[in-house]
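**Q** 3D, please:
(2 chains, ligands or ions: 3)
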There are 2 protein chains.
Amino acid sequence: DISSAQFSAVYNGNPKDLSKELDVFLRRHVGPSPTDVSKMLKSLGYNDFSSFISAVIPEKVLEKRPLKLQAPEQGFTEQQMLEELKKVADLNNYKVRNFIGKGYYGTVLPPVVQRNLLENPQWYTSYTPYQPEISQGRLESLLNFQTIITELTGLPIANASLLDEGTAAAEAMLMSFHATKGKKNVYLVDAKVHAQTMSVLRTRALPQNIELKFVNPYDTAAVEAELATGKVSGVLIQYPATDGSIASLEKLTQLSKLVHDKKGLVSVASDLMALTQLKPPSAFGADVVLGSSQRFGVPMGFGGPHAAFFSVTNKLSRKIPGRIVGVTKDRLGNQAYRLALQTREQHIKRDKATSNICTAQALLANIAAMYVVYHGPQGLKNISERIFAITSILAGFINSGNSGFSVVNENWFDTLTIKVPTGSSADAVLATALNKFNINLYKVDAQTVSLSIDETTKDTDLKALINLFATDASAVNAAELVSNAKFEDFPAELKRTDNFLAQPVFNTYHNETAMLRYMTRLQMRDLSLANSMIPLGSCTMKLNATTEMIPITWPQFANIHPFQPKDQVKGYYELIDSLEHDLCQITGFDAISLQPNAGAQGEYSGLRVISTYLKDQGQEHRNICLIPVSAHGTNPASAAMGGLKVIPIACLKNGSLDLVDLKAKAEQYKDSLAAAMITYPSTYGLYEPGIKDAIEIVHANGGQVYLDGANMNAQLGLTSPGFLGADVCHLNLHKTFAIPHGGGGPGVGAIGVKSHLQPYLPKHDIMEVENSTDKSIDAVCSSAFGNSLVLPISYAFIKMLGNQGVPFVSSMAILNANYLVGRLQDHYKILFISEEDRVSKHCAHEFIIDLREFKEGHVEAIDIAKRLQDYGFHAPTLAFPVPGTLMVEPTESEDINELNRFVDAMISIRGEIDACIRGEPAGNVLKNAPHSLEDLLISKDWETRGYTREQAAYPLPFLKNGKFWPVVARVDDMYGDMNLMCTCPSVSEVAESQK
Amino acid sequence: DISSAQFSAVYNGNPKDLSKELDVFLRRHVGPSPTDVSKMLKSLGYNDFSSFISAVIPEKVLEKRPLKLQAPEQGFTEQQMLEELKKVADLNNYKVRNFIGKGYYGTVLPPVVQRNLLENPQWYTSYTPYQPEISQGRLESLLNFQTIITELTGLPIANASLLDEGTAAAEAMLMSFHATKGKKNVYLVDAKVHAQTMSVLRTRALPQNIELKFVNPYDTAAVEAELATGKVSGVLIQYPATDGSIASLEKLTQLSKLVHDKKGLVSVASDLMALTQLKPPSAFGADVVLGSSQRFGVPMGFGGPHAAFFSVTNKLSRKIPGRIVGVTKDRLGNQAYRLALQTREQHIKRDKATSNICTAQALLANIAAMYVVYHGPQGLKNISERIFAITSILAGFINSGNSGFSVVNENWFDTLTIKVPTGSSADAVLATALNKFNINLYKVDAQTVSLSIDETTKDTDLKALINLFATDASAVNAAELVSNAKFEDFPAELKRTDNFLAQPVFNTYHNETAMLRYMTRLQMRDLSLANSMIPLGSCTMKLNATTEMIPITWPQFANIHPFQPKDQVKGYYELIDSLEHDLCQITGFDAISLQPNAGAQGEYSGLRVISTYLKDQGQEHRNICLIPVSAHGTNPASAAMGGLKVIPIACLKNGSLDLVDLKAKAEQYKDSLAAAMITYPSTYGLYEPGIKDAIEIVHANGGQVYLDGANMNAQLGLTSPGFLGADVCHLNLHKTFAIPHGGGGPGVGAIGVKSHLQPYLPKHDIMEVENSTDKSIDAVCSSAFGNSLVLPISYAFIKMLGNQGVPFVSSMAILNANYLVGRLQDHYKILFISEEDRVSKHCAHEFIIDLREFKEGHVEAIDIAKRLQDYGFHAPTLAFPVPGTLMVEPTESEDINELNRFVDAMISIRGEIDACIRGEPAGNVLKNAPHSLEDLLISKDWETRGYTREQAAYPLPFLKNGKFWPVVARVDDMYGDMNLMCTCPSVSEVAESQK
Ligand SMILES: Cc1ncc(COP(=O)(O)O)c(C=O)c1O
Ligand SMILES: Cc1ncc(COP(=O)(O)O)c(C=O)c1O
Ligand SMILES: O=C([O-])O
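**A** Ligands and ions are numbered 1, 2, ... in the order given. Model (predicted):
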């Protein structure tokens, strides 16, 4: 029931009905009140919410299935939700001391960073910094991240994060492969990379027909033999290796030389903490260095989100996957940051792209960067030196003969692989460790365990470990052993000697006051949802409610190692189970995988599931993927990475999918059709009435249907991928399900499937995935539940809305969008909607403002986007899915006041456009936009601009009541790409600039 | 040991010494690093920290006693501290369901307010808004608070908070008394006010010789008899009364008339939640309404901090105690907020003041205000209607005969006083409630209990209460009773019918997105420690570390009722005990009371302890208090309120106390000398070498010495009040001990005493205070441990520094101040320090910049204060303790970069002063300061100003890298005081202003 009466009933408290909570979450989550809704409906000519929705959503599409979520009808209140989540959280054991390692380590998130960045909506609700003028804060922080990576790895170019170490390794593999133009399809992998990295490599190699060879990279003869085939594109080694050992510089250099001689690329999976002691991989000729920055302050969170890093040589700078922040200048010549080299990305290259990564891990990269800003190089060295010292004391003890144990690796930074005494077993040792010492170790094999020391290891832990590894604990005086221990220096032959991280930013903010102010200063430069609407079409920038965010910094969720035994993480399993249940309800699917850690990962995973299913059906040859021309760039990129061939499908002039073309292509390829990827509602923001027909056509021709769920925010409780007939769909939990965008990630690209595909959902080699089968595809990312730490957000979002609230999320998103259309369409052409042959007079939850007609008056869409900043708004999505347009998605969370302010801004800009087209000087205000404070206060040309400072700065009265100011003028993208600079300035550069 | 070597040793990590933590808190708390310290010492001509300190602190004053804190030598690390505090917190039972009431109620702090206000340093680290141009955010919020109070109480003028309900009641009593010019010394008090209010009234009446008569105010004959004596200054009633009953409008009106006829004042202690249903006290002629705003979203916190409210009739507007925010205009005629009517305050009136309140409860007032902004009038009415409904159902059941219990009060809003069945007892009922239902009730007497329903009461609670009060629970179907219950409407004769809180601000921000943006918009207008140094002399604006702040929003500390049985609050008692121990260590005292909830309260309490002690010694007649002329205004005000006569002591031209004058006065009054109040180091920022002599003089003449501890930040670990010979001292935990100032409170004015005074420390009638005796003075505030919820902050501060760190806090504060003096003294006269006959060439932890010489050039101190805002700084303390000066206190937390920026700003301003004096137009930049963005962007007179926008806005280059902008131009204080307006604009006013 989505009537106005029902909305009022759910929204409004009734003090006399004790069975109903007064402060239901829906009140807080949606912007408009029942009164506003009436007004808005009226403005559109409707009397009731339900008649409006019926008018918008085609009858065949509107689903009337009531939801059966695991939550009260009206949802939990915020207080109840926190209590419920606390109960779930308490089922996780976070008090056990974890020495499991393997890519996940204990670390201390400095409280000042936790509170003022991770728990601060001004940081976590911002979007990927596509509008650099109002994103200089996080761009600076991401530049710091890149600088840290380049300094520690020794390679000059780093990106602003990838999804995790496993997928970063896969990117390195693919980069190596593509460097040979796909000709050399053997890839050598160190047998000592982390197990989860191997799984992801396997997954990603398969559809590209890359053959992985797991080798001992320092066995020269073996490597030479492989290289001799001429088929090897490169090698990936782990440094230090997963067993803790560290190859000598000579061996590494030799390997590197061998591979380079055959024109292969040398990629190195490494560890940032180790690199504060070890020689950087540049020292032995690495082309790529990658890994996880988790242990720089980011909670383990049961496996994610963490920012992976990726750095390359200059030669590879234009091949690097992911986003790169670069330095450029603004219109006034001042230094400014922005995303560089965007033409490399899949938005542009589509199925020619070599990576599909879009949403990354910006928030986590920022945390890691701030960790380094706070500790500085000396602080990091102190931490790593102590880690090494503790590891060495322990190794010395184990090897001293007092214990029956022996350390397998000959050298180490933080990790010891340990053979257990004969007669004992790894299982027995793990059990003793846990039961007697409350310690988790890692089981390598039946007779071998391993452990890793980290920043959080204390002398008390060392004593416990000594006692654990003593044959007879009572015979050992651990305290004495520790206090008498001789501290070895880090081996000189392995130790780096350069003066890294000497840049001022890493040597200035080491006290809390200075650190707080630095973060505050950056935060003030970034427009986020805490400031105003971010109406980015296709991005669904809705409320990220505080209650949803609170649990993720609870230690019960945050301080959990992904490889803890399952009975220690019952809370996570319970949460995941229930979230999967609710997502099945909402999508009409039979199973969900939460593993993919971004939307594009979901696409890839879904397509892999389809291909694997088809193979199982004896249809391995099916390799065609139909994708509408309007699709997001990640779709064709993911399809290509999944080994599929992309055939574009046309769209009609009225925006709807060309069903005739679809049918023709489907039939043409009916023998090789694997899938079609469709976005619903379409990327044009339309509820295509023919969606079911389209799906039938694909099915009829032997293909599976993949629905891109980026627009799920128009479906909740109103229709569903399952109902429409799709086989797979990914859900961007970071759009529809309230996970904040974090300034460019984390995301969760969960996929839902019909039952026939369920057996193929991704498994994990180390962690248990319920219902995984021997048909399951290999892991698509490093941990079984991807960005698990942010799952409580979506969990809470759904359960606080309940069966009654969920449908009003999408209904309100649709109403808000149509209200904007209603008010804007007298002033702008609304693409498709304004047209004669329109499919509908209503948009779905987003719509496209067509600005192309202004082009001949020399007004570009970007001018309007930039000018909106002067009105305090983030621009809508620019040039996607149609160049020369802005796509507006207000979401359900914006209220009528904010919607009206936006409309007022757009109408006012319309006047400026007209002035510009008429050639009036006042029109310059568009071309010079945005107006930074420095421009307003210092520029000398105000006499000749043709408009006043007031018109520039305060074009509408509401702006005087608190406006967000861009800190740089319009950024020069071209200049930056031509003069690539992706690290922060050094001491001398800063000194120079201060002159 | 305060040598440079020791500082380095404590500050720097040693990775190879496992017994030492790497990340000691001292590193994060103090600004300068060891390298900076060397530089700074060198600039002052010293080689070592300890030789510098020896040069600054007179030998007789420097104490070499090592501290023995209950903490590790080097302090706990932040992680350890959180773990330790968690253990302590877990000793408090916060899961019990509290129905205790009596002024403290369960409430829901909306998560969006918790995270973005209470947990946000931009809100909690700001100071009392003395500089309105950079405080418009919290001024607006406090104006909202005042508006809420005026709307709910019906009286037109409210202040921006008092300390708690008990002290607010005392203020009403004193206001009534003073209105009779002290001639009528009987005060009638409703026998049904809360017990803790009675205690505070007793304490405060005693030294003023006010006789309290506890009466039934509706017993007309009795009241008339009292009034007939002509001695009655007024009456205080509680509405609803503490037993839950509500007097009829007729009775209230009659009482009011009787009292008014005799020119007495009618004061009403009330409850804001009840007032959303009840007729406002204005309806029956109240002159004063007061109470606590705790239940509007503020956690109970074991008794505080909460904001008390206080509203009065227009006639009393200039008599109201505490700070009032008022509306005025800025230099450009724009609306602006600022503190109004400051001449009423004790800063000006000193011992003629009728209240000593200074620091209040701004942060909590802001929370309460935001709670109302978020719920709006309808939300509040829903909550209170449900509270009434639940109470009524329960009362109906109890009175139905099913139970042997009976409700004593005839009517109610939320509270029932219940007679237990004969044969049972209150104790037995309390025990059953707790053991069987996990419920706390309140014991009224042996046969009577009471309970209060609140916002958090659920139907499950109601069922439990029904079962509790059923004679035979098995015979009652509580679920059925509840669902069949008939809901009574709030009795029409008691119900208010006006349309309160109709102002737009209370009807706009009801969804989380809008609420977040409103708070963010306000926050951006306020300069806080998150932006830059706030060098307010005497205020000690140091780091409020995140780790110190984290525990106060844990439910284990936050959701505790002060009257829970002691065995449920062991955590609080343990924390208090240990904090008292550590404060004894630091002060050299024998006992501490944490009860006083602000510095001025500490003064009052300390003086009351002294007077009570003297009385016990048969020295009751001693009533003279010597106070230097330089003292803070609260000192004479507190003395006067404590019944003491203030005799001022002169200061010498060189700033030191005139010991000759002291001796002369002490001897002159030796028979009546009660005390001397001295600030140390002096309010002039000097270590008076004669302090011990001064103390001896007082002692020799029979007086006790009260040390004002506002300047304790120059004593920690270097000297102590105990060592100096003082008998009592108050500690502003909100200055020295890291409690944030909250934009004007909360504070904690703990007092320390020598052993002879210990028996007199304040007790509490309901809560147990350890070591209280029959000599103890009555409570000075409503709860036994005052602002208990913020005590974990000071606890963590001390314990994270440890014995080794604490002395470096004060050492660094002194070094920072002297470094500033060193750099500034070539440009400004530093009062006393620059003088020929100076006592020392060094200041203590603060110093005074003398600007009086510029007066003849028509440059005033205020011009410099305002101009500093243009440089991004909060002005130092203006005109205290010397008019025409600025007092600068950098604290230990500022680093050398920030100190240098401040110096650069001051030097740059010096150039502007010179220009002004020379009559150059460029000098106008001072007179027009601060420059708001509107001034810079819209004003039309820039051609004629004599300086450019750039000079106004960016006088130094660092400002381009992120500057804090004042949002209004210089505020017109006079205009506002002449046109008093202390509530926020109504709908029609807003509509008018938007035209
Ligand atoms: C339609 C569509 N598909 C896929 C994606 C990719 O999702 P992600 O950025 O999480 O990888 C997006 C991202 O905006 C999108 O809009
Ligand atoms: C010297 C001195 N004494 C007393 C006080 C009063 O303290 P409070 O504001 O906490 O009441 C102050 C406050 O600034 C002060 O500076
Ligand atoms: O992240 C996006 O490209 O939308």
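**Q** helix/strand/coil for the closest residue to ligand 2 within the stretch 51-200 of chain A?
**A** As assessed by CB to the nearest ligand atom, ligand 2 sits closest to A:Arg115 within the stretch 51-200 of chain A, at 25.5 Å. To be clear about C-beta, it is placed using only N, CA and C from the backbone, and glycine gets the same treatment. Three-state call for A:Arg115 (DSSP: H, G, I helix; E, B strand; the rest coil): helix.
**Q** How much space separates it from ligand 1?
**A** As judged by CB to the nearest ligand atom, to the nearest Å, A:Arg115 and ligand 1 stand 27 Å apart.
**Q** That residue contacts B:Ile550, doesn't it?
**A** Yes - assessed by CB atoms under 8 Å, A:Arg115 is found in contact with B:Ile550 at 7.5 Å.
**Q** rewinding a little: nearest residue to the residue of the stretch 51-200 of chain A closest to ligand 2 in space, ignoring adjacent ones along the chain?
**A** Spatial nearest neighbour of A:Arg115, chain neighbours left out: B:Thr546 (4.7 Å); criterion: CB to CB, 6 or more residues apart in numbering or on different chains.
**Q** Same question for A:Leu527.
**A** Nearest residue to A:Leu527, sequence neighbours excluded (CB to CB, 6+ apart): A:Ile134, at 4.0 Å.
**Q** The one you found reaches A:Phe964, doesn't it?
**A** Yes - counting by CB under 8 Å, A:Phe964 is a contact partner of A:Ile134 at 6.8 Å.
**Q** near ligand 3, which residues of chain A show up?
**A** Proximity of chain A to ligand 3 (CB under 6 Å from any ligand atom) is limited to residues A:128, A:358-359, A:539.
**Q** Which members of these are the farthest-apart pair?
**A** The largest separation in these, counting by CB to CB, is between A:Cys358 and A:Cys539 at 10.7 Å.
**Q** Could you pull out the residues contacting both of these two?
**A** With CB atoms under 8 Å, 6 or more residues apart in numbering or on different chains applied, the contact sets of A:Cys358 and A:Cys539 do not overlap.
**Q** Can you report how many residues neighbour the nearest residue to A:Arg331 once chain neighbours are set aside?
**A** With sequence-adjacent residues excluded and distances taken as CB to CB, 6+ apart, A:Arg331 is closest to A:Ala969, at 4.1 Å. By other CB atoms under 10 Å in any protein chain shown, the residues close to A:Ala969 number 25.
**Q** again, but for A:Ala650
**A** Neighbours of A:Ala650 (other CB under 10 Å): 15.
**Q** What residues does it make contact with?
**A** A:628-629, A:658, A:661.
**Q** Could you do A:Leu363 as well?
**A** Applying CB under 8 Å, 6+ apart, the residues near A:Leu363 are A:117-118, A:123-124, A:305, A:740, A:742-746.
**Q** same question, A:Asp330
**A** A:133, A:336, A:932, A:968-972.
**Q** one more time with 6 Å
**A** Contact analysis of A:Asp330 by CB atoms under 6 Å, 6 or more residues apart in numbering or on different chains lists A:336, A:968-969, A:971.
**Q** any idea which of those is closest to ligand 2?
**A** For those, the nearest to ligand 2 is A:Val968 (41.1 Å; CB to the nearest ligand atom).
**Q** Point me to the residue of the stretch 251-400 of chain A nearest ligand 2.
**A** For the stretch 251-400 of chain A, CB to the nearest ligand atom, closest residue to ligand 2: A:Tyr374, 32.1 Å.
**Q** Was I right to think A:Ala952 contacts A:Ser932?
**A** No - A:Ala952 is beyond contact range of A:Ser932, at 10.1 Å (criterion: CB atoms under 6 Å).
**Q** Of those two, which one has the most company?
**A** The residue with more neighbours, out of A:Ala952 and A:Ser932, is A:Ser932; 25 against 21, by other CB under 10 Å.
**Q** Helices along the stretch 351-500 of chain A, start to end?
**A** Per DSSP state H, counting those that start in this stretch, the stretch 351-500 of chain A carries helices over the ranges A:362-399, A:426-437, A:459-469, A:478-484.
**Q** hang on, the residue nearest to A:Leu527 packs against A:Pro966?
**A** Yes - with contacts defined as CB under 6 Å, A:Ile134 counts as touching A:Pro966 at a distance of 5.2 Å.
**Q** Next, show the common contact partners of these two.
**A** Shared contacts of A:Ile134 and A:Pro966, counting by CB under 6 Å, 6+ apart, come down to A:Gln869.
**Q** what's the pLDDT at A:Lys995?
**A** For A:Lys995, the pLDDT comes out at 53.
**Q** cool, and A:Met300?
**A** 98.
**Q** list the contacts for it?
**A** Neighbours of A:Met300 in contact, by CB under 6 Å, 6+ apart: A:104, A:561.
**Q** Which of the contacts of A:Leu363 has the largest number of neighbours?
**A** If you count neighbours using other CB under 10 Å, the busiest of those is A:Pro305, which has 33 neighbours.
**Q** Quick check: that residue vs ligand 1, distance?
**A** Applying CB to the nearest ligand atom, the value for A:Pro305 to ligand 1 is 12 Å.
**Q** Repeat that for A:Ile466.
**A** 46 Å.
**Q** same thing with A:Gln758?
**A** Going from A:Gln758 to ligand 1 by CB to the nearest ligand atom gives 23 Å.
**Q** pLDDT at that residue, what is it?
**A** pLDDT recorded at A:Gln758 is 98.
**Q** Not counting sequence-adjacent ones, nearest residue to it?
**A** A:Ala591 (4.1 Å).
**Q** can you check A:Ser50 too?
**A** A:Ser3 is the one closest to A:Ser50 (CB to CB, 6+ apart), at 4.5 Å.
**Q** what does A:Asn120 give?
**A** With CB to CB, 6+ apart as the criterion, A:Asn120 has its nearest non-adjacent residue at 6.9 Å, and that residue is A:Gln523.
**Q** For that neighbour, give me phi and psi.
**A** The phi/psi pair for A:Gln523 (degrees, to the nearest 10) reads phi -60, psi -40.
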